[in-house]
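> Provide a 3D model corresponding to the input given below.
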Amino acid sequence: MSKYLGSTFFRELLTHSIAGDPAMRAAADALDGVLNAATRAIPRVLIYARLAHATGSDLLPPLARLAQQTGGLASLDDRTLELLAWQLHTEGFEVALTTQAKEALVNESVPIHRLAGTPWALRRALELALETDVLVPEWFQYDGRPYFFKVRFAVPPAGLSEARLREVFRLIYEKKNVRSWLDGVETESVLPLPEYIGTGLAGYTATRPRLWFPPPPLSPLRKRIGATASHVTASRLHPFSPPRPASPATLSPRMAVSSVTRFRLAVPARQEATYVR
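Below is the predicted model:
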């Protein structure tokens, strides 16, 4: 069975060889109060875990159980947050106005420092500090001079004072690389204004009288229907020559000799007629 800090007595952790010793059991019972107090104090010293939890990150399961036993992780106070910003050398801390923006800046200080000098690091630091979307177009993206860039963002709801704008320029020069030059900062303000839109519809009907004369009726005509048929028969006459008769010397005395002339008549119905004479 799993044993967890804060819900397990120390005597349950003793081995069988000393678990029955009264002195050891008494010492274990005396340590329970000290260990429980130390266990309950663990979530309060988890500074980075409290910072990550405030920005939406999940805790490890053992730390989550300890935090649940003590009622959850407490939020960082302003003094602790300022000390963390000083320790991590967080640029843009003065630009941020809300606690959420400061916590996000401190929480992402390490990855921003690792990629310092890149457009991503500059854009990310400005977005976290100003709490608005930021664009960092380079010179080839807007037909500018080589190695120049611009910064574009919408004015946050909290506004942008002159002192805060100076801190924005300071943050830009701290995060940009040495060879790049700032071409300007472009801001836009969005002011919601009520607009009323109405529609109208107008129409008319025009009537124009016209005279109409019906066409005269058709006169009655007599009609007759008939049918005709024609039949054409074509005949062709082909001469027919019979084969030469055999010699009389080869004829049998009992056979009679007769002369036969045949005519073949061809008609379209493929009929044949034979005449014997």
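
> quick check: mean pLDDT across stretch 8-19?
Confidence over stretch 8-19 (mean pLDDT, whole number) is 78.

> any idea how far that stretch is from the chain center?
Here the centre of stretch 8-19 is set off from its chain's centre by 58 Å, with CA atoms, centre = their mean, to the nearest Å.

> looks like Asp78 contacts Glu103 (just checking).
No. Look at Asp78 against Glu103 with CB atoms under 8 Å: they stay out of range, at 10.6 Å. Where you see a C-beta, it was placed from the backbone N, CA and C, and this is true even at glycine.

> for those two, indicate the residue with more neighbours.
Per other CB atoms under 10 Å, whichever of Asp78 and Glu103 has more neighbours is Glu103, with 23 against 9.

> could you find the closest non-adjacent residue to that one?
In space, and not counting its chain neighbours, Glu103 is closest to Ala54: 5.1 Å by CB to CB, 6 or more residues apart in numbering.

> ok, now which ones touch that neighbour?
The contact partners of Ala54, by CB atoms under 8 Å, 6 or more residues apart in numbering, come to 75-76, 103, 107.

> make it 10 Å
73-76, 81, 99-100, 103-104, 106-107 (CB atoms under 10 Å, 6 or more residues apart in numbering).

> next one: Arg114
Ala121.

> check His113 too.
88-91, 121, 125, 175.

> out of the residues you listed, which end up buried?
88, 90-91, 121, 125, 175 (16 or more other CB atoms under 10 Å).

> using a markdown table, please lay out those residues together with distance to Arg152, secondary structure and pLDDT.
Compiled in a markdown table, these are given as follows (distance: CB to CB, whole Å; DSSP: H, G, I helix; E, B strand; the rest coil; pLDDT from 0 to 100):
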| residue | distance to Arg152 | secondary structure | pLDDT |
| --- | --- | --- | --- |
| Leu88 | 28 | coil | 90 |
| Thr90 | 24 | coil | 90 |
| Glu91 | 20 | coil | 88 |
| Ala121 | 17 | helix | 93 |
| Ala125 | 15 | helix | 93 |
| Lys175 | 16 | helix | 91 |
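
> how far away is Arg50 from Leu76?
To Leu76, Arg50 is 6 Å away according to CB to CB, to the nearest Å.

> how about low-confidence regions in this protein?
Across the chain, the ranges flagged by pLDDT under 70 are 1-7, 43, 69-72, 218-242, 245-277.

> now do the strands in it.
Along the chain, the stretches classed as strands by DSSP state E are 134-135, 148-154, 181-188, 236-238, 264-266.

> for stretch 15-30, buried residues please.
Here stretch 15-30 shows Ala28 as buried, counting by 16+ other CB under 10 Å.

> same check on stretch 145-165?
For stretch 145-165, by 16+ other CB under 10 Å, it's 148-151, 153, 156, 160, 164.

> what about it, how long is it end to end?
24 Å (CA to CA, to the nearest Å).

> between the two ends of stretch 149-163, how far is it?
First residue to last in stretch 149-163 (CA to CA) measures 23 Å.

> next one: it to chain centre, how far?
Averaging C-alpha positions (CA atoms, centre = their mean) puts stretch 149-163 31 Å from its chain's average.

> likewise for stretch 146-158?
With CA atoms, centre = their mean as the basis, stretch 146-158 stands 28 Å off its chain's centre.

> for stretch 108-120, same thing?
29 Å.

> about what we covered before: which pair of the buried residues of stretch 145-165 spans the longest distance?
Phe148 and Pro156 (25.2 Å; CB to CB).

> ok, the closest residue to Leu46 other than its chain neighbours - how many residues close by?
Leaving out its chain neighbours, the residue that sits closest to Leu46 by CB to CB, 6+ apart is Leu63, at 6.5 Å. Neighbour count of Leu63, defined by other CB under 10 Å: 16.
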